[in-house]
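1. Got a predicted structure plus its sequence, pasted below:
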Amino acid sequence: MKRQRAVATALFVLGAALMAMMIVVESEPGAIPLLLVIVGGGWWLVLRRRMRARRGP
């Protein structure tokens, strides 16, 4: 789980950095950085839900 969380966080951060660069350079975010942010953030949220479900109520 920790490795998956690290990969999800890395995807999110890389996507955010690429998006910021694309906005500065081309004045539009671009599809690939946006996809990285969405996938990384979504993956992180899924992992968070799984970890909470394992703990129980």
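-> It's in. Residues are numbered from 1 along each chain as shown.
2. all helices of the protein, in order?
-> If DSSP state H is used as the criterion, the helices of the chain fall at 2-26, 31-55.
3. Is it possible to get those helices out as CSV so that each row also shows mean neighbour count?
-> Where C-beta positions appear, they are placed from N, C-alpha and C, glycine not excepted. Converted to CSV, the helices of the chain look like this (neighbours: other Cβ atoms under 10 Å):
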stretch, mean neighbour count
helix 2-26, 14
helix 31-55, 13
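4. Can you lay out the ones you listed as a markdown table showing mean pLDDT?
-> A markdown table is the format used below for the helices of the chain (pLDDT from 0 to 100):
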| stretch | mean pLDDT |
| --- | --- |
| helix 2-26 | 91 |
| helix 31-55 | 89 |
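5. tell me the contacts of the residue nearest the centre of the chain?
-> The residue lying closest to the centre of the chain (Cα atoms, centre = their mean) is residue 40, at 2.2 Å. Counting by Cβ atoms under 8 Å, 6 or more residues apart in numbering, residue 40 touches 8-15.
6. how about 10 Å then?
-> 7-16 (Cβ atoms under 10 Å, 6 or more residues apart in numbering).
7. just residue 45 next, same as before
-> Neighbour list for residue 45: residue 8 [criterion: Cβ under 10 Å, 6+ apart].
8. Against residue 52, how distant is it?
-> 11 Å (Cβ to Cβ, to the nearest Å).
9. ditto for residue 5
-> Residue 5 is 13 Å from residue 52, by Cβ to Cβ.
10. and if you look at residue 39?
-> 21 Å.
11. cool, and residue 1?
-> Distance from residue 1 to residue 52, by Cβ to Cβ: 12 Å.
12. One more: residue 9?
-> Going from residue 9 to residue 52 by Cβ to Cβ gives 17 Å.
13. Likewise for residue 33?
-> As judged by Cβ to Cβ, residue 33 and residue 52 stand 29 Å apart.
14. ditto for residue 30
-> 33 Å.
15. which residues touch residue 12?
-> 36-44.
16. now, which of the residues you listed sits nearest residue 23?
-> residue 37 (12.3 Å; Cβ to Cβ).
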